[in-house]
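Undergrad: Just the structure for this:
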Amino acid sequence: MHLHTITVPRTARYCTLGQAGPHVRYLWIACHGYGQLARDFIQTFEAIAADDTLIVAPEGLSRFYWTGFSGNPVASWMTREGREEEISDYTNFLSILYNRYVALCSPDVRIMLMGFSQGCATQMRWIMRAFPRFHRLILWAGAIPEDLHYLPQAGYFSDKALHFVYGTQDPFFNQERLQEQQQLISDNNLAFRIHTFEGRHVVDESVLREIAAEMG
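TA: Numbering: from 1, shown residues only. All right, here's what the predicted structure looks like:
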């Protein structure tokens, strides 16, 4: 038996909040977590909606039913199966979206990259492949991949604001996992600012507004 791969055209989905154009001063590219859809995830960003702000929420390329053969369809960014091909596919997808919308915004647009849960690793893998221009990175209730080499890119990250957010009652982000992430961040000289809130595995709107307000 021989396993082969072939690259084929396919249709990817994403949602936007706001109107693209040269008036946009703040561009967010926000990646949802495991088992979500872009149209649901982007609703949280109503909390920071403004005339000069555009939020783009790409959707994971793999979909499945949340409970067996029933329930709502949801999306995922990758699994262990076909891992490298899935990473290549979604990083290409993110690059296409990034290039399209940066070109439509103000030349001095401030770019925010955000990942929630599984979307954190998604953003970091794309960043470490494409090295896009951006100003802030917000990783929320997720992990940075351990198999990437960040130290050689210290200069690239040094002029960017890095934020790490989690809820103190998050069942997927216990103390052991937090310590592992803190050690990984420290070992790689990544200057993440830590934000916490009393809550579970969600994007807290008050913290989101607080981070967005700092960009003014």
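
Undergrad: Would you confirm that Ala20 contacts Cys105?
TA: Yes - the criterion here is Cβ atoms under 8 Å, and Ala20 meets it with Cys105 at 6.7 Å. Any C-beta I mention is one placed from the backbone N, CA and C, and that applies to glycine too.

Undergrad: neighbour-wise, which of those two wins?
TA: Cys105 (20 against 15; other Cβ atoms under 10 Å).

Undergrad: how about the more buried one, what does it touch?
TA: Neighbouring residues of Cys105 by Cβ atoms under 8 Å, 6 or more residues apart in numbering: Ala20, Gly21, Pro22, Val24, Arg25, Leu27, Leu54.

Undergrad: Repeat that for His23.
TA: Asp51, Asp52, Ser106.

Undergrad: bridging residues for the spatially most central residue of the chain?
TA: Centroid check for the chain by Cα atoms, centre = their mean gives Gly115 as the closest residue, at 2.4 Å. Judged by DSSP bridges, the bridge partners of Gly115 are Cys31, Leu139.

Undergrad: how about the contacts of His23 in a markdown table, adding secondary structure, pLDDT and neighbour count?
TA: Below are the contacts of His23 laid out as a markdown table (DSSP: H, G, I helix; E, B strand; the rest coil; pLDDT from 0 to 100; neighbours: other Cβ atoms under 10 Å):
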| residue | secondary structure | pLDDT | neighbour count |
| --- | --- | --- | --- |
| Asp51 | coil | 96 | 10 |
| Asp52 | coil | 97 | 15 |
| Ser106 | coil | 92 | 15 |
